[in-house]
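Peer 1: Turn this into a structure:
(chains A and B)
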2 protein chains.
Amino acid sequence: MKTFARIARRIPAVAAMLAMLLAPAARADTLIDNVNGITLDAQGKVVRFTGLVFGRDGKVAKLLSRTDKRPRTRDLDWWTDMKGKVMLPGMVDAHGHVIGLGFNLLQLDLSATRSLDEALAKIAAYAAANPSRWIVGRGWNQERWGLGRYPTAAELDKAVGDRPVWLERIDGHAGWANSQAMALAGVSAATADPKGGRIERLAGGAPAGVFVDGAMALVDRHLPQPTPRERNAALLAAQEALLKLGITATADMGTSVEDWLTFRRMGDLGLLRIRIMSYAAGIEPALAVGGQGPTPWLYADRLRMGGIKLYADGALGSRGAWLKAPYADAPGQVGLPFLSDDQFLNLMARGAMDGFQIAVHAIGDRANQQVLDAIEVLAGSYTGDRRWRIEHAQVIDPKDLPRFAAFGTIASMQPVHQTSDRLMAEARLGAERLKGAYAWASILRAGGRLAFGSDYPVESPDPWAGWATAFTRQDADLQPFGGWMPQEAVTREQAWAGFTTGAAYAGFAEGVFGRLEPGLRADFIIVDRDPLLASPTELRATQVIETWVGGERVWARK
Amino acid sequence: MKTFARIARRIPAVAAMLAMLLAPAARADTLIDNVNGITLDAQGKVVRFTGLVFGRDGKVAKLLSRTDKRPRTRDLDWWTDMKGKVMLPGMVDAHGHVIGLGFNLLQLDLSATRSLDEALAKIAAYAAANPSRWIVGRGWNQERWGLGRYPTAAELDKAVGDRPVWLERIDGHAGWANSQAMALAGVSAATADPKGGRIERLAGGAPAGVFVDGAMALVDRHLPQPTPRERNAALLAAQEALLKLGITATADMGTSVEDWLTFRRMGDLGLLRIRIMSYAAGIEPALAVGGQGPTPWLYADRLRMGGIKLYADGALGSRGAWLKAPYADAPGQVGLPFLSDDQFLNLMARGAMDGFQIAVHAIGDRANQQVLDAIEVLAGSYTGDRRWRIEHAQVIDPKDLPRFAAFGTIASMQPVHQTSDRLMAEARLGAERLKGAYAWASILRAGGRLAFGSDYPVESPDPWAGWATAFTRQDADLQPFGGWMPQEAVTREQAWAGFTTGAAYAGFAEGVFGRLEPGLRADFIIVDRDPLLASPTELRATQVIETWVGGERVWARK
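Peer 2: This is a model prediction of the structure:
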């Protein structure tokens, strides 16, 4: 430094100029060149480019068109020629359960089983291979099995009789226990249905084996808690699965304090690669984590607790969704509201008061009305940019649809639910009520905002399936022909926006990711086809080749 | 950049040289000049200096002697002339309770009361001024009041009868309830003493009002939990109090998950100024936070959970300390061990297995033996640098003293406890057993390591009082004349080391802070006198003028 000081004294003007010139050189860039780059812009228009430059800060510095001059190689940290491969902004999932996905990946998974017998065989094989004290799994779906009824404890006993077994239904709204698990939980014919729940019963009143919604806790609370070490493994497994699918950011809908500590452990060690928009599992964990409001963005915009997830009702499959009129296939039943309108309003106000964003699970039309009513009241007191979210927004009374526009309410929806639920929804809701079900296009037309996600692990987190579903209303087998209620399909570009810019906006992250534009984080993926030109079937088969987050390649196909 | 590139091409050699020379200039320094600087070096020797340079990384770059050339002003970010004031490394407290101190500062504080009547008057005045549902406070000491017995609920009822009152004893090992609090807790003559605890009783068996150790939970668990917001306020209040006293780093002995989340909230917002070496309140919170081992240093070396705090026994004042032979003033009582030797060994092994440092509260000679026995067993399996800590190590059987040397065991002691406990300890222990009590010099002579702290809020966190006590064995009133068992006094420099390098070493932080030396964090204080020349009374009166952590001035006297 002394030597330089001496030179500087002699030639101060030259030194000053050189110092100025050298300064930018310290912030060297990376160029990903010769890409078939596609992104949406802030107005939702498609932009194409052929090169992307990002800085050491992990932010996009420039999008280059074919004719733009490239930076000189010597001014770059690194550059590569992608040989015309397709580059897209990373996909964003507006509604998932990160740690839940991880446990699923590490757990017994029944979601692919197509019959009760196949499931029982898989359970028995898993139990034989795993010496754990409990057998825990999820993913069963009696509808998919064509069973026409819930499975029973007696059936499960035939697969595993020596240990307790507890298996969650695919939607997480019911659990299936064997006799050992029920004995440990101390449930019997004398056990009353708890509030907000139902014990399926045999003739005579003895528990049959399935516990719906609020009754799940009777067994749940006897499960051994996962250790922090297992949670670490779950987060890393989920992250790997999401990055592999091209998802670079996700909402975590219902973060417990333990989940949060897991995110932080991995963040502290530099192992958190994906971006997580965390919504606390209720007000208590939100305050425990945030204290008196959302946390800042942490780990270079990789983690933030910005909101609170609340529940207005249950799910359609288990008839826990709260409807205005009785279920078409269960006369007299309207589902299970979690709270009265007044109680719910108070709860929502408590969260909003501390500046948290509120995201409410609402499936049935009555539940959606409850939330829209509450937003109408609260929007008067809590002005400013609140971005009220309704998660799922599955069944809306058509006369409530325009209410999504009034306070910028976001409908956070999961296109694949529509194809999974189609037949069940028809049975539960009847023809007339289907008009406001999974009504993506109607919500957009009414002036509402859409954010798309998958609700993983309820569904696969695969965003390509979600994207294809959103503009076709067809499943992977192209059923039904012409699409189910095709007037509710959105355009291919609107669907993409739902999984990128819309999902980012829903998490107050539109200034951080969701598009490729100077100043936003360099979160992008290299894929093997052009999703704007692919057929729906081709789009579903998209292969991610590389996934980059903040200018770091965090996953690559081997 | 382009212009420079062109110049560079023409004069590459010159450019390369200049680039090299410019690089260090970007890391500009700060000079604190004209100080009367004093620090210990790595060998524990006193080093004097007159200027300190630190970099933008918050680390000491250089200590300057009077004759050393100063950096040129133009190469500095900032410099100042301290006009000969004394600069010391920041003080380190090896044993405190950060959030507890904060709540104390925000709560009813009875520690200054000198009689029961004075306390009752203060409680009544506080209750009149605070409309809270419970009156909660701490700091009473029936020994200091000269009461010769515990106070009663009936006495407390006279001060506050309309609300529950719960007041912890100064050592945190007993609680005093009024009748309302006891009624809410549902305790009566029929309530048995819980394991590890004792309910003080009236003739007839009805609870008298004071609950010792394990019995405190009977009332404690009915207290309203502090909100995260109140925890934030507590942390900030504690931090302010510690920085004001010149403490720049502290151990937090018994961090709950809630405490940890509070540290993180303030850290995330850039409000954590003090450095915290966190020891989890047991194995569960350690695993919840660290997952499978200590956390890294976070927030530029301001926070780390590196260890676990365990308990071997209670306290001497409440006769919870576990002694080898009965209390001199309570024949037949030997105190309350928390676990059997085998159980304790298992617990300690569980924590050590995951790589956490183990710090065990042990007061009585039997408890200290339990820990030393366990260390002897565990040191065989857990080799490497484990730095086993015994917190307090208050009463050691002289024949156990040499065992501190064998595995580098650290005695983490609180000099001021000796002066506060003196008369009580004489009564409890009797003359013979005092030989191994508060035996600082003996532990050093035996080859053990010392770390000093205050156990705030049990005592004031004031490190100047602690330092003066450690080499005088006298209290603030210079009692007793010549010092209490003066052979156990350490030297002035050894005492200082206990509150700086020793406390840092005990927290695996000797490479981070504790001294002033290039590469360590620039944590220093400006004080109004030279502590190596001051009389003990003058030393106690030391005024901190400025406190700096990591090269930032975080507190200054107004």
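Peer 1: Using PDB, write down the CA coordinates of stretch A:234-250.
Peer 2: Taking Å, rounded to 0.1, in the frame of the first residue of the first chain, the C-alpha atoms of stretch A:234-250 are listed here in PDB:
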ATOM      1  CA  ALA A 234     -36.200 -34.400   4.800                       C
ATOM      2  CA  LEU A 235     -35.400 -30.800   3.800                       C
ATOM      3  CA  LEU A 236     -32.400 -31.900   1.700                       C
ATOM      4  CA  ALA A 237     -34.500 -34.600   0.000                       C
ATOM      5  CA  ALA A 238     -37.300 -32.200  -0.800                       C
ATOM      6  CA  GLN A 239     -34.900 -29.600  -2.100                       C
ATOM      7  CA  GLU A 240     -33.300 -32.100  -4.400                       C
ATOM      8  CA  ALA A 241     -36.600 -33.200  -5.700                       C
ATOM      9  CA  LEU A 242     -37.800 -29.700  -6.400                       C
ATOM     10  CA  LEU A 243     -34.600 -28.500  -8.000                       C
ATOM     11  CA  LYS A 244     -34.700 -31.500 -10.200                       C
ATOM     12  CA  LEU A 245     -38.100 -30.500 -11.500                       C
ATOM     13  CA  GLY A 246     -36.900 -26.900 -12.200                       C
ATOM     14  CA  ILE A 247     -38.500 -25.400  -9.100                       C
ATOM     15  CA  THR A 248     -36.200 -22.700  -7.800                       C
ATOM     16  CA  ALA A 249     -38.600 -21.100  -5.300                       C
ATOM     17  CA  THR A 250     -41.500 -22.400  -3.300                       C
END
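Peer 1: to the chain's geometric centre, what's the distance from it?
Peer 2: Stretch A:234-250 has its C-alpha centroid displaced from the chain centroid by 11 Å (Cα atoms, centre = their mean, to the nearest Å).
Peer 1: for stretch A:131-143, same thing?
Peer 2: Here stretch A:131-143 is found 22 Å from its chain centre; the criterion is Cα atoms, centre = their mean.
Peer 1: CA atoms only: put it into CSV for me.
Peer 2: Output of stretch A:131-143 as CSV, limited to C-alpha atoms (Å, rounded to 0.1, in the frame of the first residue of the first chain):
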residue,chain,number,x,y,z
PRO,A,131,-37.3,-52.2,11.9
SER,A,132,-38.9,-48.9,13.1
ARG,A,133,-41.1,-48.8,16.1
TRP,A,134,-44.0,-47.4,14.1
ILE,A,135,-44.8,-47.8,10.4
VAL,A,136,-45.7,-44.4,9.1
GLY,A,137,-46.7,-43.5,5.6
ARG,A,138,-49.2,-41.7,3.4
GLY,A,139,-50.7,-41.4,0.0
TRP,A,140,-53.6,-43.8,0.0
ASN,A,141,-56.8,-42.9,-1.8
GLN,A,142,-59.8,-45.1,-1.6
GLU,A,143,-61.3,-43.3,-4.6
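Peer 1: Okay, buried residues for that stretch please.
Peer 2: Neighbour-count burial for stretch A:131-143 flags A:134-143 (criterion: 16 or more other Cβ atoms under 10 Å in any protein chain shown). In short, each C-beta sits where N, CA and C put it, glycine included.
Peer 1: Check pLDDT for those residues and point me to the minimum.
Peer 2: Least confident entry in the buried residues of stretch A:131-143, by pLDDT: residue A:138, with 89.
Peer 1: Report the secondary structure element holding it.
Peer 2: According to DSSP states H and E, residue A:138 maps onto strand A:135-140.
Peer 1: again with residue A:404
Peer 2: helix A:403-406.
Peer 1: can you check residue A:474 too?
Peer 2: Residue A:474 belongs to no helix or strand when assigned by DSSP H and E.
Peer 1: got a list of what it touches?
Peer 2: Residue A:474 sits next to A:419, A:468, A:480, A:483-484, A:536 when contact means Cβ atoms under 8 Å, 6 or more residues apart in numbering or on different chains.
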